[in-house]
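>>> all I have is the shape, not the residue letters:
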């Protein structure tokens with residue numbers, strides 16, 4: 001089973017959320033940039049990178065527009081590779097869209113998903129990012145024995161680790177070329 005345990009029914013809900021976003025924006029990834037998709041979904045969002053006062057344990061942050069914040073903001077850790085930044089941005093976008101910070105107007109993302117029950121939101125945000133950045137049908141078409149994880153990672157703008165996680169989810173769920 002993939003490390004990020006999410007019930008198949010919840011995975012389907014998350015994929016429907018992504019489909020709704022893509023339909024409403026008229027965009028898709030990787031044809032359109034992730035930044036364009038986010039800005040079309042959250043028009044007044046500010047996207048930024050930060051080293052979070054030299055705290056690499058902070059992976060990202062999401063702030064909702066509220067009486068405390070003038071505009072929505074998504075920040076990602078600046079001290080990581082380009083592919084990791086892309087995945088982190090999609091992950092934080094997932095937290096925003098999936099309303100993981102509904103009890104607060106912000107979410108500071110410091111945890112690495114470890115499979116524990118308290119980390120469900122992290123797993124869901126990881127799944128959201130993987131499903132958005134590596135659409136199932138295109139991923140299945142390109143994921144061939146002669147194509148390396150590095151090549152797939154470059155194609156989707158993510159890390160080889162993200163490619164392996166996406167493959168694990170699809171293989172575990174038995175989802176084919178639907």
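Nice, I can see it. A quick note: this is a predicted structure, and the numbers were derived from the prediction, not measured.

>>> just the buried positions in the helix or strand that contains residue 89, please.
Residue 89 is located in helix 82-97, with elements delineated by DSSP states H and E. By neighbour count on 16 or more other CB atoms under 10 Å, the buried set for helix 82-97 is 83-97. Heads up, the C-betas are built off the backbone N, CA and C, glycines and all.

>>> now swap in stretch 22-41 and tell me
22, 27-29, 34, 37-41.

>>> got a list of contacts for stretch 150-166?
2-4, 30, 34, 81-84, 86-87, 126, 129-131, 133-134, 139, 142-143, 149 (CB atoms under 8 Å, 6 or more residues apart in numbering).

>>> one more pass at 10 Å, please.
2-4, 29-30, 33-34, 80-87, 90-91, 113, 126-127, 129-131, 133-136, 138-139, 142-144, 147-149, 167 (CB atoms under 10 Å, 6 or more residues apart in numbering).

>>> stretch 64-76 too?
38, 42-50, 52, 58-63, 84-93, 95-96, 99, 101-102, 104-109.

>>> measure residue 97 to residue 72 for me?
Distance from residue 97 to residue 72, counting by CB to CB, to the nearest Å: 11 Å.

>>> so what sits against both of those two?
By CB under 10 Å, 6+ apart, the residues touching both residue 97 and residue 72 are 38, 42, 62.

>>> how far off centre is the lowest-mean-pLDDT helix or strand in the chain?
Ranking every helix and strand in the chain by mean pLDDT, DSSP states H and E puts strand 106-109 at the bottom, with a mean of 70. Mean-position distance between strand 106-109 and its chain equals 15 Å (CA atoms, centre = their mean, to the nearest Å).

>>> elements contacting it?
The helices and strands touching strand 106-109, judged by 3 or more CB pairs under 10 Å, 6 or more residues apart in numbering; DSSP states H and E, are strand 60-63, strand 73-77, helix 82-97, helix 120-133.

>>> which one is the residue nearest in space to the middle of the chain nearest to, not counting chain neighbours?
When the chain is reduced to its mean C-alpha position, the closest residue under CA atoms, centre = their mean turns out to be residue 129, at 2.0 Å. Spatially, and ignoring its direct neighbours in sequence, residue 129 is nearest to residue 90 (3.6 Å; CB to CB, 6 or more residues apart in numbering).

>>> that neighbour contacts residue 83, correct?
No. When contacts are counted by CB atoms under 10 Å, residue 90 is not listed as touching residue 83 (11.0 Å).

>>> which element is residue 18 on?
Going by DSSP H and E, residue 18 is in helix 8-25.

>>> centre of the chain to stretch 23-40, how far?
Mean-position distance between stretch 23-40 and its chain equals 13 Å (CA atoms, centre = their mean).
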